[in-house]
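Trainee: Need the 3D shape of this:
(one chain, ligands or ions: 1)
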Amino acid sequence: MRARLVAGNWKMNGSRSANQALLDAIVAGVKGVECAVCMPAPYLAQGQERLRGTPVVLAAQNLSEHASGAYTGEVSGAMLAEFGCRYVLVGHSERRHMFGETDAQVAAKFVAACAAGITPILCLGETLEERDAGRTEEVVARQLGAVLDKVRIGDAVVAYEPVWAIGTGRTATPEQAQAVHAFLRQRLSAATRVLYGGSVKPENAAAIFSMPDVDGGLIGGASLIAKNFIAICSMAQRKG
Ligand code: 13P
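Mentor: Residues are numbered from 1 along each chain as shown. Next up, the predicted model:
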């Protein structure tokens, strides 16, 4: 059985003091499930320091597809590895939609993460327009296919995040999530974990995690509130 993973995506939030308090609370409160925090790049050193020797793992939110060179403002996989990142998000919908990341670029980032020894968390999902047009499977298959064309996904992680459910308070129903997860699972090896993300909160996490093909969550807003994130992590523990 695949081990569950809950990752908190802090997005562009935090400060040194707020981070310290949140990390302290997560380290003290999360038990029995693998838990990662995707911190903004300038705070990775703080995360590395605080999480050393704890079961909570450090993750980044993005990386360059390039290894080094004249790419002002970019951060390489090797740099993230130096700060102890175990995971890195690639292809988050905010990167795809606000920063114009293409499927090909996301696939190159996936490869760059693997080359740096960091496990990519490949984010994919459809917009509301695409869902309403009945194109969900076509869109996620295309996003996944761009990566599978280049590399085996193996023990990397995939996160299904319907764009219409991110930060909107509108969560996919457990059945909607399960249907897409089952579709993705047919294209993945048995080792690949598929997380659900999009307005996960303590009120809905247990139902989502009860679905057979949901292997954990990628949590945005609720990951910034320690008690909510800890509650979600505890619901992801496998019982029995
Ligand atoms: P919310 O949980 O705030 O909807 O964000 C989801 C997300 O984008 C996680 O990567």
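
Trainee: how distant is stretch 188-208 from the center of its chain?
Mentor: 10 Å (C-alpha atoms, centre = their mean, to the nearest Å).

Trainee: number of nearby residues for the residue in the chain that the ligand sits nearest to?
Mentor: Nearest residue of the chain to the ligand (C-beta to the nearest ligand atom) works out as Gly220 at 2.2 Å. (C-beta placed from N, C-alpha, C; glycine too.) Number of residues near Gly220 (other C-beta atoms under 10 Å) recorded here: 22.

Trainee: residue contacts, it?
Mentor: Gly220 is in contact with Asn9, Lys11, Ile166, Gly167, Gly197, Ser199, counting by C-beta atoms under 8 Å, 6 or more residues apart in numbering.

Trainee: who touches His97 in this structure?
Mentor: Thr127, Val163.

Trainee: A strand includes it, no?
Mentor: No - according to DSSP: H, G, I helix; E, B strand; the rest coil, His97 belongs to no strand; its state is helix.

Trainee: where does it land on pLDDT?
Mentor: According to the prediction, His97 has pLDDT 96.

Trainee: and if you look at the one 4 residues further on?
Mentor: The predicted structure scores Glu101 at 98 on the pLDDT scale.

Trainee: The residue nearest to it when sequence neighbours are not counted: how many residues sit nearby?
Mentor: Leaving aside its sequence neighbours, Glu101 sits nearest to Arg95 (C-beta to C-beta, 6 or more residues apart in numbering; 4.6 Å). Using other C-beta under 10 Å, Arg95 has 18 neighbouring residues.

Trainee: repeat for the one 4 residues further on
Mentor: Phe99 has 10 neighbours, counted by other C-beta under 10 Å.

Trainee: separation between it and Glu130?
Mentor: 19 Å (C-beta to C-beta, to the nearest Å).

Trainee: Kindly report the same for Val151.
Mentor: Distance from Val151 to Glu130, by C-beta to C-beta: 25 Å.

Trainee: the more surrounded of those two?
Mentor: Glu130 (18 against 14).

Trainee: wait, doesn't the more buried one sit right on Thr136?
Mentor: Yes - using C-beta atoms under 8 Å, Glu130 is in contact with Thr136, at 6.4 Å.

Trainee: if we can go back for a sec, the contacts of Gly220 in strands, which ones?
Mentor: Counting by DSSP state E, these place Asn9, Gly197 in strands.

Trainee: quick one: least confident of the contacts of Gly220?
Mentor: Gly167 (84).

Trainee: Around the ligand, which positions in the chain sit nearby?
Mentor: Residues of the chain found near the ligand (C-beta under 6 Å from any ligand atom) are 9, 92, 161, 166-167, 197-200, 218-222.

Trainee: would you turn these into CSV with distance to Ala115?
Mentor: Formatted as CSV, the residues of the chain next to the ligand follow (distance: C-beta to C-beta, whole Å):
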residue, distance to Ala115
Asn9, 23
His92, 20
Glu161, 25
Ile166, 28
Gly167, 31
Gly197, 25
Gly198, 29
Ser199, 33
Val200, 31
Leu218, 23
Ile219, 28
Gly220, 28
Gly221, 32
Ala222, 32
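
Trainee: ok, and the most crowded of the residues you listed?
Mentor: Ranking the residues of the chain next to the ligand using other C-beta under 10 Å puts Val200 first, with 31 neighbours.

Trainee: That residue contacts Ala222, doesn't it?
Mentor: Yes - counting by C-beta under 8 Å, Val200 does reach Ala222; the two are 6.3 Å apart.
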